[in-house]
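In: structure for the following, please:
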Amino acid sequence: MKNKILLAVVLILTIILFIVTKNVKQIYFEPVPVSNKTKKITVNLLNESDGSIKNVNIEDYIIGVVAAEMPASFEPEAIKAQAVAARTYAMYKKETRNLDYDLIIGTKDQAYQTNEELLKKWGVSFFKNYLKVRDAVLATEGEILTYNGQTINAFYFSMSNGYTENVESVFKSDLPYLKSVPSTWDNESIKNYEFTKTISKEDFCKSLEIPCDNIKIENIQKTSSNRVASLTINDKTFLGTKVRSLLGLRSTDFTIECLDNDIKITTKGYGHGVGMSQYGANGMAKENHNYKEILNYFYQNTEISKINV
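Out: As a prediction, the model looks like this:
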């Protein structure tokens, strides 16, 4: 009896090992199953740390971007929307950046992680998460957003303060498809929607290069989405985007409170606020909106088109 049980256990373990080995082989050694048309489309990625440039298939790249940019726990329709937005952003850069590379790996363009990096990040959840992301990417294979027949600049970010931002308030360009819309799915129910950061007055003044005596904040101007457009601190005027950058804030919806020896800064949302809110997209998906409806909401009057080869 014991021998039969032992044999059964060995057989089960052998089957599990076979399945895992097959999955590893498919993910690590076999290309993503894309159409012959999409197979021809590649992007050149610059790794700024060592200056190397790597050429990868567009769909392989989008899997690595989506996995790095959006939580795998999000709804499938939100992940599909992210795939289209990321692919659109990549193709826009490929079409407009006339350099040896198309995209920079990291926050200057889009985050991107290899399968090896994802295995370290996800651990035992690697296969489940990878296949979920891969399926979303393949379900939207070759799809990009266009406006009047042209690939759009598909900005996106983590979460809003309740409204997305007009593009001209951040990037100083007027794009009709990147206008402020309500994103009520971004609210206090999300962890760290409201975030408080405390820094010393000395570090605050050093970062802004202002005198540190009697800190005075005035002339606060707001954008239509209630983010700080500009303000004056000790007679020096700053753009809200500049303050965010200098102080490492999560967003430009911030308030500043002077304490005895410290400065308390409270922000709402996370990111520049332009384009698609990822948490907003997930909220819409939870309300049964499909990825096309999500994209049409955040990128107004755009169309979903196929990449031209």
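
In: helices of this structure, residue ranges please.
Out: Counting by DSSP state H, the chain has these helices, from start to end: 2-29, 36-39, 58-69, 76-96, 115-122, 126-139, 201-208, 240-247, 278-286, 291-298.

In: if I pick the spatially most central residue of the chain, what's in contact with it?
Out: Most central in the chain under CA atoms, centre = their mean is residue 69, positioned 4.1 Å from the mean C-alpha point. Contacts of residue 69 were listed using CB atoms under 8 Å, 6 or more residues apart in numbering, and they are 82, 86, 110-111, 156, 278. In short, each C-beta sits where N, CA and C put it, glycine included.

In: mind redoing it with 6 Å?
Out: By CB atoms under 6 Å, 6 or more residues apart in numbering, the contact set of residue 69 is residue 111.

In: distance check, it against residue 235.
Out: 40 Å (CB to CB, to the nearest Å).

In: straight-line length of stretch 109-127, end to end?
Out: 27 Å (CA to CA, to the nearest Å).

In: ok, now stretch 230-240?
Out: 5 Å.

In: how many residues are close by the nearest residue to residue 181 once chain neighbours are set aside?
Out: With sequence-adjacent residues excluded and distances taken as CB to CB, 6 or more residues apart in numbering, residue 181 is closest to residue 164, at 5.4 Å. Counted by other CB atoms under 10 Å, the residues lying close to residue 164 total 29.

In: also residue 174?
Out: 10.

In: run through the residues that contact it.
Out: residue 168.

In: for it, give its distance to residue 153.
Out: The gap separating residue 174 from residue 153 is 12 Å, by CB to CB.

In: can you check residue 198 too?
Out: Separation of residue 198 from residue 153 (CB to CB): 36 Å.

In: burial measure for residue 142, as a count.
Out: Residues near residue 142, counting by other CB under 10 Å, number 20.

In: for it, phi and psi?
Out: Main-chain torsions, residue 142, degrees, to the nearest 10: phi 80, psi 0.

In: if we can go back for a sec, residue 307: which of the helices of the chain is closest?
Out: helix 76-96 (6.1 Å; CB to CB).
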